[in-house]
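A.B. asks: build me a structure from this.
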Amino acid sequence: MLARTEDPIVRRKLAETLLQYGGFIDILESEIVRYASDLRVLGDQEILEAITTLKKTYQTEAKGIIFEHKSSNPLVQALVQDLVARLKKETEEASRPLPATENIVDCLEVMDANLRFHAQDEERESYLQFIRRRHPTKGGGGSEGGLLIRP
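C.D. replies: Okay, the predicted model is just below:
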């Protein structure tokens, strides 16, 4: 799912990023679902702050400066650290390199746009609920209300 935006150039860039790096975005989303599985207090605002913090770090790195941006919220900072650790683990286990820094920023832009899309309408499901449905085996979440009852 790709958030709707008015600017056709931005919309095209987000769509191209999603097509090319969808697997990378899936890794980040599944890590968020895993992290949120035991937390009732994690919401879209905290996820947005974590994505924004991570995006700032990679934008700074793209300028040739190594500096880790941090959140003052320990819950958010722990999520940022988990996302970074998952990316490192994924590249070590799969023996594939991370996308270029600019591409990571683009992926985080897609996630940012999707978070903002879900936040626009109070009647729309939250981003966290959305990604839990997309990654049901990760974190034991699944969709709320869709329980299977066996006799």
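A.B. asks: okay, now residue 115: neighbour count?
C.D. replies: With neighbours defined by other CB atoms under 10 Å, the count for residue 115 comes to 23. (C-beta placed from N, C-alpha, C; glycine too.)
A.B. asks: ok, it - contacts?
C.D. replies: Residues near residue 115 by CB atoms under 8 Å, 6 or more residues apart in numbering: 44, 47, 48, 51, 127.
A.B. asks: now those residues as JSON lines including neighbour count?
C.D. replies: Below are the contacts of residue 115 laid out as JSON lines (neighbours: other CB atoms under 10 Å):
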{"residue": "44", "neighbour count": "17"}
{"residue": "47", "neighbour count": "24"}
{"residue": "48", "neighbour count": "19"}
{"residue": "51", "neighbour count": "25"}
{"residue": "127", "neighbour count": "25"}
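A.B. asks: now those residues as CSV including pLDDT?
C.D. replies: As requested, these are exported to CSV (pLDDT from 0 to 100):
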residue, pLDDT
44, 96
47, 97
48, 97
51, 98
127, 95
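A.B. asks: and the residues you listed, which is closest to residue 112?
C.D. replies: Using CB to CB, residue 51 comes nearest to residue 112 of these, at 5.5 Å.
A.B. asks: got a pLDDT number for residue 3?
C.D. replies: We have a pLDDT of 56 for residue 3.
A.B. asks: buried residues in the host helix or strand of residue 133?
C.D. replies: Secondary structure from DSSP states H and E places residue 133 in helix 127-134. The neighbour-count check on helix 127-134 (16 or more other CB atoms under 10 Å) flags 127, 128, 130, 131, 132 as buried.
A.B. asks: then that helix to CSV, C-alphas only?
C.D. replies: The C-alpha trace of helix 127-134 is given here as CSV (Å, rounded to 0.1, in the frame of the first residue of the first chain):
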residue,chain,number,x,y,z
TYR,A,127,-0.4,2.1,10.6
LEU,A,128,0.5,-0.5,13.2
GLN,A,129,-2.7,-2.4,12.7
PHE,A,130,-2.1,-2.3,8.9
ILE,A,131,1.4,-3.7,9.1
ARG,A,132,0.3,-6.3,11.7
ARG,A,133,-2.1,-7.6,9.1
ARG,A,134,0.7,-7.6,6.5
